[in-house]
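> structure, please.
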Amino acid sequence: MTHLKFVGTGEAEGLVKEVYEAMSQGAAGQVPPLMQTLSLNPEGLAGFEKFYHAISAGGSTLGRRREEMIATAVSAWNGCWY
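Next up, the predicted model:
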């Protein structure tokens, strides 16, 4: 099993804390572990979060509900727990 260093939600400061707070406002109410792996590069984390919301999270013409249904189906198909 791979172990990655990251900034946890309880220890986040500055830009990382701002991005975590914005992410936790979503439907899940938490910061996905995948996103926490970007925390050692705060600018990269913030950039990816903006990119994600520009193309997904209800930002497409599909709407948030359809996007989530597609993401869930693809994850299940790929055997991905995330």
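
> work out for me the element Gly19 sits within.
For the record, residue 19 is Val, not Gly. helix 14-23 (DSSP states H and E).

> elements contacting the following helix or strand past that helix?
Under the assignment DSSP H and E, the closest C-terminal helix or strand after helix 14-23 is helix 33-36. Contact analysis of helix 33-36 by 3 or more CB pairs under 8 Å, 6 or more residues apart in numbering; DSSP states H and E lists helix 42-55 as its packing neighbours. For the C-beta atoms, the positions are set from N, CA and C on the backbone; glycine is no exception.

> next helix or strand past the helix it packs on?
Immediately after helix 42-55, counting by DSSP H and E, sits helix 64-78.

> by how many degrees do that following helix and helix 42-55 diverge?
Helix 64-78 and helix 42-55 are oriented at 110 degrees to each other (axes from the mean of the first three to the mean of the last three CA atoms, to 10 degrees).

> quick one: mean pLDDT for helix 64-78?
Mean pLDDT, helix 64-78: 85.

> which positions in it come out as buried?
By neighbour count with 16 or more other CB atoms under 10 Å, helix 64-78 contains the buried residues Glu67.

> using PDB, write down the CA coordinates of it.
Coordinates of each C-alpha in helix 64-78 appear next as PDB, following Å, rounded to 0.1, in the frame of the first residue of the first chain:
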ATOM      1  CA  ARG A  64     -24.800  18.200 -11.200                       C
ATOM      2  CA  ARG A  65     -27.200  15.200 -10.800                       C
ATOM      3  CA  ARG A  66     -26.400  13.700 -14.100                       C
ATOM      4  CA  GLU A  67     -22.600  14.300 -13.700                       C
ATOM      5  CA  GLU A  68     -22.700  12.500 -10.300                       C
ATOM      6  CA  MET A  69     -24.700   9.600 -11.800                       C
ATOM      7  CA  ILE A  70     -22.200   9.200 -14.600                       C
ATOM      8  CA  ALA A  71     -19.200   9.400 -12.200                       C
ATOM      9  CA  THR A  72     -20.800   6.800 -10.000                       C
ATOM     10  CA  ALA A  73     -21.500   4.400 -12.800                       C
ATOM     11  CA  VAL A  74     -18.000   4.800 -14.300                       C
ATOM     12  CA  SER A  75     -16.400   4.300 -10.800                       C
ATOM     13  CA  ALA A  76     -18.500   1.100 -10.300                       C
ATOM     14  CA  TRP A  77     -17.600  -0.100 -13.700                       C
ATOM     15  CA  ASN A  78     -13.900   0.400 -13.000                       C
END
